[in-house]
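In: predicted model follows, preceded by the sequence.
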Amino acid sequence: MAEMITPDICVVGGGPAGIALALRAAHEAVPVVLIERGRPGGADLAYGSVPSKALIAAADHRDLLRRGATFGVTGAPLQVNFGKVSDHIRSVCNAVGPRVSAERLAALGVHVISAPARFLDRRTVLAGEFTVIARRFVLAAGAIPAVPDIPGLADVEYMTPESAFDITRKPGHLLVLGAGSHALELAQAYGRLGVDTTIIDSNAALPDEDPELATIVVDRLRAEGVRIRDRVAISGIARRRGGIRVTVMEGGAEIPIDGSHLLVVAGRLPDVADLGLAAAGIAYDNQGVTVDRHMRTTNRRVYAIGDVVAGPAVSARGDRQAELVLRSILYRLPKRGISADVPVVTYTDPGLARIGISESEARRRNDKVRVLRFPFVENDLAQIEHMPVGFIKAIVSRRGRVLGVSIVGRNAGELIALWSLAIANRLNIGAIAEMVPPYPSRSAISKSVAECFDGLGLTRQLRRRIIEFLRKFG
């Protein structure tokens, strides 16, 4: 018979969002159980942010060495050993893994159960040898790679993000099926490691991003030799001698695209198939678990956070949701919206980062907004490092409140942090303008774009009158 345990909180899923909530609960001395059927860390550690950014780091090093001649630095011909690149990725995952291991979580006060979880009813979960009856449950089961319904795909060998980092020999020609953020990150990384790479998708590249910024990223990938065949209908996939053939329809004609390897990066689906959600009265669909604005499911005892809920698949979102849901469970405090104040980053080069509302959304809500821009090309550090491509675009209200920011350029993911602080604390653009950044630094671009609010010819009428009045006194 299964042993019964009755914690205050039971977290189902040991990915970043689930671990964040469990650790915060343990820090508050709240009895908490974390159920994870595999290795804690979830997709981020297995095939998401950690290994993909390790791959990107390797690719960036090769790109920096390749561009050394621009700085007067030259050397022997560059070589890439894919076996050692794979070893590098594995070593990074092994270094990060202990931080979220079951042993460390247990030492910090989290009761970890390593078993699949399944709801028996609205307030009971079965996990291995344990029956868990908790005051509140939090679903953080994450998502799994989606596989598109394309004729012939099931009949060929292909990789997904789960297996993309196991490559130990250089592919002849990598075909990437998908043109979203993660697909472009991987395509550029493999391209910089010397792999002939082609992106194929029926949608536009970076469909969820501001086209003004996305175009800069797409143009860079094309300039580096990555072929991008977006907005094409994919009619079929088949084996061919020595590899894969993807056939697309373009201009009314069938065009074959041949490659040695196929990588499918077509988004993700909520991983809820075996959780028994129906028995718990929890509604869901292909987009994710249904939640209200407080992240509560159709079962009021159960919340859902992270990738199991529809929205951008970024760890920051799950972490923020974990914080606010725990606040609700422990203190019954009201929660403000969470989707607009979470940074979303595409780790290409140039990078792409955004937070808050977009220009188009701001204009739909209110036509009295101002759009401020400042280019990287006018920043001294960008010139020093020969990386002048990009700009910051800030959406502010007429009174100067920061509503949203988008950045395209080097270190966009680092630069967005300041704007995340501004939006989270409802700061006025003047607070950014008063910042004193070090010199030279890219952070100075944020100050420069903020100064555009009261730029040449835009000084407010009252201030002009004060200046004119004081001028009379010498």
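Out: That came through fine. Numbering: from 1, shown residues only.
In: break the chain down into its domains, please.
Out: Domain assignment for the chain by automatic domain parsing gives 3-144+269-331, 153-267, 350-454.
In: save these as a markdown table, and put in mean neighbour count too.
Out: In this view, the C-beta of every residue, glycine as well, is placed from N, C-alpha and C. Output for those, formatted as a markdown table (neighbours: other CB atoms under 10 Å):
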| stretch | mean neighbour count |
| --- | --- |
| domain 3-144+269-331 | 19 |
| domain 153-267 | 18 |
| domain 350-454 | 18 |
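In: take the ones you listed and write them to CSV, including mean pLDDT and distance to Val344.
Out: Below are these laid out as CSV (pLDDT from 0 to 100; distance: least, CB to CB, whole Å):
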stretch, mean pLDDT, distance to Val344
domain 3-144+269-331, 92, 5
domain 153-267, 95, 8
domain 350-454, 94, 5
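In: and Thr160, what does it touch?
Out: For Thr160, the contact set (CB atoms under 8 Å, 6 or more residues apart in numbering) comprises 47, 145, 147, 263-265.
In: kindly report the same for Asp8.
Out: Here Asp8 is in contact with 25, 30-32, 134-136, 329 (criterion: CB under 8 Å, 6+ apart).
In: same thing but at 6 Å, please
Out: Counting by CB atoms under 6 Å, 6 or more residues apart in numbering, Asp8 touches 30-31, 135.
In: quick one on the thing from earlier: of the domains of the chain, which is nearest Phe469?
Out: Closest to Phe469 of these, according to CB to CB: domain 350-454, at 18.4 Å.
In: ok, back up a step: Lys472 is nearest to which of the domains of the chain?
Out: domain 350-454 (22.6 Å).
In: measure that closest one end to end?
Out: 28 Å (CA to CA, to the nearest Å).
In: same question, stretch 134-146
Out: Span of stretch 134-146 from end to end, CA to CA: 32 Å.
In: how far does that stretch sit from the chain's center?
Out: The chain centroid and the centroid of stretch 134-146 are separated by 18 Å under CA atoms, centre = their mean, to the nearest Å.
In: how about stretch 228-246?
Out: So, by CA atoms, centre = their mean, the centroid of stretch 228-246 is 27 Å from its chain's centroid.
In: turn the domains of the chain into TSV, columns for distance to Ile467.
Out: Shown next, in TSV, are the domains of the chain (distance: least, CB to CB, whole Å):
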stretch	distance to Ile467
domain 3-144+269-331	43
domain 153-267	35
domain 350-454	12
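In: hang on, the earlier thing: any idea which of the contacts of Asp8 is closest to Ala205?
Out: Nearest member of these to Ala205, counting by CB to CB, is Val30, at 44.7 Å.
In: isn't there a helix covering that closest one?
Out: No - secondary structure of Val30 (DSSP: H, G, I helix; E, B strand; the rest coil): coil, not part of a helix.
In: and it, its phi and psi?
Out: With angles defined as degrees, to the nearest 10, Val30 sits at phi -100, psi 130.
In: how about the nearest residue to the residue minimising distance to the centre of the chain, chain neighbours excluded?
Out: Nearest to the geometric centre of the chain sits Val314, at 3.6 Å (CA atoms, centre = their mean). Nearest residue to Val314, sequence neighbours excluded (CB to CB, 6 or more residues apart in numbering): Val344, at 5.4 Å.
In: give the contact list for that neighbour.
Out: 312, 314, 354.
In: tell me the one among the residues you listed nearest to His111.
Out: Closest to His111, out of all of those and judged by CB to CB, is Val314, at 27.9 Å.
In: could you pull out the helices for the stretch 1-150 of the chain?
Out: 16-27, 42-46, 49-66, 82-96, 102-107 (DSSP state H, counting those that start in this stretch).
In: and Asp166, how close does it get to Val291?
Out: Note on Asp166: its distance to Val291, by CB to CB, to the nearest Å, is 35 Å.
In: which residues outside stretch 101-114 are in contact with it?
Out: Residues outside stretch 101-114 that contact it (CB under 6 Å, 6+ apart) are 22, 26, 32-35, 40, 127, 130.
In: same deal with stretch 442-457?
Out: Taking CB under 6 Å, 6+ apart as the rule, stretch 442-457 contacts 372, 374, 379, 381, 392, 394, 400, 411, 418, 429, 432-433, 435, 437.
In: let's see which of the residues you listed end up in strands.
Out: Assigned to strands by DSSP state E, the following of these qualify: 372, 374, 392, 394.
In: can I get these in JSON lines with distance to Arg465?
Out: Output for those, formatted as JSON lines (distance: CB to CB, whole Å):
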{"residue": "Leu372", "distance to Arg465": "24"}
{"residue": "Phe374", "distance to Arg465": "28"}
{"residue": "Ile392", "distance to Arg465": "31"}
{"residue": "Ala394", "distance to Arg465": "27"}
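In: in helices, which of the contacts of stretch 442-457 appear?
Out: Counted as lying in helices by DSSP state H, out of the contacts of stretch 442-457, are 381, 418, 429, 432-433.
In: show me which pair in these is furthest apart.
Out: Among the ones in helices among the contacts of stretch 442-457, Leu381 and Ile429 lie farthest apart (CB to CB), at 22.3 Å.
In: in space, what's closest to Val125 - neighbours in sequence excluded?
Out: That would be Val132: by CB to CB, 6+ apart, it lies 4.6 Å from Val125.
In: surely the one you found touches Thr124?
Out: No - checked against CB atoms under 6 Å, the pair Val132 and Thr124 is beyond contact range at 7.0 Å.
In: shared neighbours, these two?
Out: Common neighbours of Val132 and Thr124 (CB under 6 Å, 6+ apart) do not exist.
In: what about the nearest residue to Ile19 once chain neighbours are set aside, distance to Arg317?
Out: Nearest residue to Ile19 in three dimensions, chain neighbours excluded: Val100, at 5.5 Å (CB to CB, 6+ apart). In this view, Val100 and Arg317 are 18 Å apart by CB to CB.
In: any idea which element Ile329 lies in?
Out: Ile329 is part of helix 315-331 when elements are defined by DSSP states H and E.
In: put the alpha carbons of that helix into PDB.
Out: Extracted C-alpha coordinates of helix 315-331, given in PDB (Å, rounded to 0.1, in the frame of the first residue of the first chain):
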ATOM      1  CA  SER A 315      12.600  30.300 -17.800                       C
ATOM      2  CA  ALA A 316      12.100  33.800 -16.600                       C
ATOM      3  CA  ARG A 317       8.400  33.500 -17.100                       C
ATOM      4  CA  GLY A 318       8.200  30.300 -15.000                       C
ATOM      5  CA  ASP A 319      10.300  31.800 -12.300                       C
ATOM      6  CA  ARG A 320       8.100  34.900 -12.000                       C
ATOM      7  CA  GLN A 321       5.000  32.800 -12.000                       C
ATOM      8  CA  ALA A 322       6.400  30.600  -9.200                       C
ATOM      9  CA  GLU A 323       7.100  33.700  -7.100                       C
ATOM     10  CA  LEU A 324       3.600  35.100  -7.500                       C
ATOM     11  CA  VAL A 325       1.800  31.800  -7.100                       C
ATOM     12  CA  LEU A 326       3.600  31.100  -3.900                       C
ATOM     13  CA  ARG A 327       2.700  34.600  -2.600                       C
ATOM     14  CA  SER A 328      -0.900  33.700  -3.400                       C
ATOM     15  CA  ILE A 329      -0.800  30.300  -1.600                       C
ATOM     16  CA  LEU A 330       1.000  31.600   1.500                       C
ATOM     17  CA  TYR A 331      -0.300  35.100   2.000                       C
END
